[in-house]
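Peer 1: what follows is a predicted structure for the sequence shown.
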Amino acid sequence: MTAVDARPETTTELRFPAGFRWGTATAAYQIEGAATEDGRTPSIWDTFCRTPGKVRNGDSGDIAADHYHRMREDVALMKQLGVTDYRFSVAWPRVQPTGRGPAVQKGLDFYRRLTDELLGAGIRPVATLYHWDLPQELEDAGGWPQRETADRFGDYARIMADALGDRVATWTTLNEPWCAAFLGYGSGVHAPGRTSASASLRAAHHFNLAHGLAAQVLHGALPSTSEISLTLNLHAVRPLTGSEADVDAARRIDAVGNRIFLDPVFHGRIPQDLVRDTAAVTDWAFVQDGDLEVVSTPIDSLGINYYSPTVVGAGSSTSPSPWAGAEEHVRFLPAPGPRTAMDWPVDADGLYELLTRLRDDLPGVPLVITENGAAYDDYADPSGEVHDPERVEYLRAHLSAVHRAIGAGADVRGYFLWSLLDNFEWAYGYSKRFGVVHVDFATQRRTFKDSARWYGDVIARGGLTG
């Protein structure tokens, strides 16, 4: 049986703790549009989208879901849904177009209006400083493989803290630095599209450094009651068998997929097995004295993005790899079970595994699911309804896994569904729909899908039937 259909014959009520945060999440480049308005300049994703063959159908985020102009309508949808929290990202090139110097007030004003609208609707704003849209000028100067980019990020964090620190209580420094470093600079399937294993490792370290610098700035600029966080897309890595070779393959991927961030941030160290695994790529000389003290600046919670597990065994892979040389002698295998429109396996047990691992590895660190959801080929039928039973079952299974992990002692404080709206899905363009709100991109009409109504009912009840 799969995680989706393995529910007991009799249903029980799965209640979540009082004060549990029920949210939804988006990202600036995926929904805002208004790519050239009010002083915004190109990000690496604007440039990437204009590179032939990089994005399906040549799509871009120029218009996306037009959230920049429809923000109040979208906040009203959130209020109708009943969410307690909304996780959005700030577009760095909208508020600091070159990545240097003073802010553009019109850009800041948009986020001021957004936070005020959220607070007026009784929704807690959760701001993410970086969701992949590096100002193109900083990429032209070397991008994340260059140390200076981390310094510039610290300056940008100060701009945002000064602008919104009086109304935003929760701040996330980075979203999924693994993707930004290894898909952007390693395999090249994300912006900026570079393919260098050594550059991806340098980028990963400078993301860690940027996080630490921003955390220091936020600690100094925000009220003591503010929450500072980091969001990682941690990999639920499983060896195919218990053989020594398969277990070592899982260790290698765990090092470059998870511990490359967890160890520096929470333990102030670089995993030495990762250093050995990647010795043919780099000598790690870019890690300077004092860096790890900055990187390990204390934070208040850890955000976890989870979609599907990673199954590996001994062997070799022939496809282009984002794993920076650490994947030598590693073969990636498909996990069993049903799949989403992204061809990702549906396996909620992987989320439970991650949460209980973090319970043990990071005692005392509160956890928040900052993204979880699925893309399916849903559509508006002739009556205007959008039925998405597969997404409902996906969400039910994963929320049940969260509930089970809480019962096993994991300190999970909230769940943010990805995503509020159908949006620009990076290299897939507009071909994949993750939203619980259907967007007709020709008219920008918004329609609640069945999954939105289901999630709203879960929020209202504070739990679900399991």
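Peer 2: In hand now; what should we look at?

Peer 1: which parts of the stretch 1-150 of the chain are strands?
Peer 2: Taking DSSP state E, counting those that start in this stretch as the test, the strands found in the stretch 1-150 of the chain are 13-15, 21-25, 85-89, 124-130.

Peer 1: would you map the strands across the stretch 151-300 of the chain?
Peer 2: Using DSSP E, counting those that start in this stretch, strands in the stretch 151-300 of the chain cover 170-175, 227-232, 237-239.

Peer 1: for these, which one sits closest to Ala375?
Peer 2: strand 170-175 (17.8 Å; CB to CB). In short, each C-beta sits where N, CA and C put it, glycine included.

Peer 1: just the angle between the closest one and strand 124-130, please?
Peer 2: Here the directions of strand 170-175 and strand 124-130 differ by 30 degrees (axes from the mean of the first three to the mean of the last three CA atoms, to 10 degrees).

Peer 1: how about a markdown table for the strands of the stretch 1-150 of the chain, with distance to Asn423 and mean pLDDT added?
Peer 2: Listed next are these as a markdown table, based on distance: least, CB to CB, whole Å; pLDDT from 0 to 100:
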| stretch | distance to Asn423 | mean pLDDT |
| --- | --- | --- |
| strand 13-15 | 29 | 95 |
| strand 21-25 | 11 | 98 |
| strand 85-89 | 12 | 98 |
| strand 124-130 | 15 | 98 |
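
Peer 1: tabulate these (a markdown table), appending mean neighbour count.
Peer 2: Formatted as a markdown table, those follow (neighbours: other CB atoms under 10 Å):
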| stretch | mean neighbour count |
| --- | --- |
| strand 13-15 | 14 |
| strand 21-25 | 24 |
| strand 85-89 | 26 |
| strand 124-130 | 23 |
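
Peer 1: mind checking which of those strands is nearest Ser400?
Peer 2: When the strands of the stretch 1-150 of the chain are compared by CB to CB, strand 13-15 sits nearest Ser400, at 6.2 Å.

Peer 1: which of the strands of the stretch 151-300 of the chain sits closest to Ala157?
Peer 2: Closest among the strands of the stretch 151-300 of the chain, using CB to CB: strand 170-175, at 7.2 Å.

Peer 1: residues making contact with the closest one?
Peer 2: 27, 85, 87, 89, 124-132, 157, 160-161, 180, 207, 210-211, 214-215, 218, 222, 226-231, 303, 305, 370 (CB atoms under 8 Å, 6 or more residues apart in numbering).

Peer 1: ok, now stretch 350-357?
Peer 2: Under the contact criterion CB under 8 Å, 6+ apart, stretch 350-357 has outside partners 234, 236, 238, 304, 306, 308-309, 367, 369, 372, 398, 401-402, 404-405, 408-410, 412.

Peer 1: go on, stretch 314-326?
Peer 2: By CB under 8 Å, 6+ apart, stretch 314-326 touches 182-183, 186-189, 195, 197-198, 200-201, 243, 245-246, 248-249, 252-253, 255-257, 274, 277-278, 280-281, 327-332.

Peer 1: so how far is that stretch off the chain centroid?
Peer 2: Relative to the centre of its chain, stretch 314-326 is centred 23 Å away, using CA atoms, centre = their mean, to the nearest Å.

Peer 1: if you count neighbours, what's buried in that stretch?
Peer 2: Judged by neighbour count using 16 or more other CB atoms under 10 Å, the buried positions of stretch 314-326 are 314, 321-326.

Peer 1: that older thread, tell me the most buried of the strands of the stretch 151-300 of the chain?
Peer 2: Most buried of the strands of the stretch 151-300 of the chain, by mean neighbour count (mean count of other CB atoms under 10 Å): strand 170-175, with a mean of 26.

Peer 1: quick check: mean pLDDT of it?
Peer 2: Average pLDDT, strand 170-175: 98.

Peer 1: try stretch 412-425
Peer 2: 98.

Peer 1: likewise for stretch 313-331?
Peer 2: The average pLDDT within stretch 313-331 is 85.

Peer 1: stretch 346-363 now?
Peer 2: pLDDT averaged over stretch 346-363 gives 98.

Peer 1: give the buried residues for that stretch.
Peer 2: For stretch 346-363, burial by neighbour count (16+ other CB under 10 Å) applies to 346-355, 357-359, 362.

Peer 1: kindly report the same for stretch 286-295.
Peer 2: 286-287, 291-292, 294-295.

Peer 1: and of those, the nearest to Gly101?
Peer 2: Using CB to CB, the shortest approach to Gly101 within the buried residues of stretch 286-295 belongs to Val294, at 23.2 Å.

Peer 1: so that closest one is in contact with Leu209, correct?
Peer 2: Yes - using CB atoms under 8 Å, Val294 is in contact with Leu209, at 6.2 Å.

Peer 1: and Leu464, its phi and psi?
Peer 2: Note on Leu464: backbone dihedrals following degrees, to the nearest 10 are phi -150, psi 170.

Peer 1: wait, what's in contact with the residue lying closest to it once chain neighbours are set aside?
Peer 2: In space, and not counting its chain neighbours, Leu464 is closest to Val458: 4.9 Å by CB to CB, 6 or more residues apart in numbering. Under the criterion of CB under 8 Å, 6+ apart, the neighbours of Val458 are 22, 399, 464.

Peer 1: need the strands of the stretch 151-300 of the chain in a markdown table (columns: distance to Lys106).
Peer 2: Below are those laid out as a markdown table (distance: least, CB to CB, whole Å):
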| stretch | distance to Lys106 |
| --- | --- |
| strand 170-175 | 22 |
| strand 227-232 | 27 |
| strand 237-239 | 44 |
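
Peer 1: can you tell me how far Leu262 is from Leu232?
Peer 2: Using CB to CB, to the nearest Å, we find Leu262 at a distance of 7 Å from Leu232.

Peer 1: so where do the helices sit in the stretch 351-466 of the chain?
Peer 2: For the stretch 351-466 of the chain, the helices defined by DSSP state H, counting those that start in this stretch cover 389-407, 450-461.

Peer 1: what mean pLDDT does the last one get?
Peer 2: Pointing back at helix 450-461 there. For helix 450-461, the per-residue pLDDT averages 98.

Peer 1: that's all I had, so thanks and see you.
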